[in-house]
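[1] sharing a sequence plus its predicted fold:
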Amino acid sequence: MKIIRLFKINISKHLNILYLFLYLCTLEIIPLIYIAKILLLI
């Protein structure tokens, strides 16, 4: 849901692709990696 909203904002305001990549890494992908690491340790 966040990703779809971000794409709409990105298209409407013509933001840089780099900002989209940074957003996805910091708020979407990195927490999932940490959760996966924690689950694998248990």
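    Yep, that arrived.
[2] all the helices of the chain, in order from the start?
    When assigned using DSSP state H, the helices of the chain occupy the ranges 2-13, 17-23, 30-41.
[3] lowest-confidence stretch among those helices?
    Mean pLDDT is lowest for helix 2-13 among those, at a mean of 66.
[4] distance check, Leu40 against Ile33.
    Per Cβ to Cβ, to the nearest Å, Leu40 is found 11 Å from Ile33. (Glycine included, C-beta is placed from N, CA and C.)
[5] those two: which has the busier surroundings?
    Set side by side, Leu40 and Ile33 show more neighbours around Ile33, with 10 against 7, by other Cβ atoms under 10 Å.
[6] can you report how many residues lie near Phe21?
    Neighbourhood size, Phe21 [other Cβ under 10 Å]: 11.
[7] meant to ask about Cys25
    When neighbours are counted by other Cβ under 10 Å, Cys25 registers 11.
[8] Ile42 versus that one, what's the distance?
    Applying Cβ to Cβ, the value for Cys25 to Ile42 is 25 Å.
[9] what do you get for Ile30?
    The spacing between Ile30 and Ile42, counted by Cβ to Cβ, is 20 Å.
[10] look at the two and report which has more neighbours.
    Higher neighbour count among Ile30 and Ile42: Ile30, with 11 against 4, using other Cβ under 10 Å.
[11] I appreciate the help and will end here.
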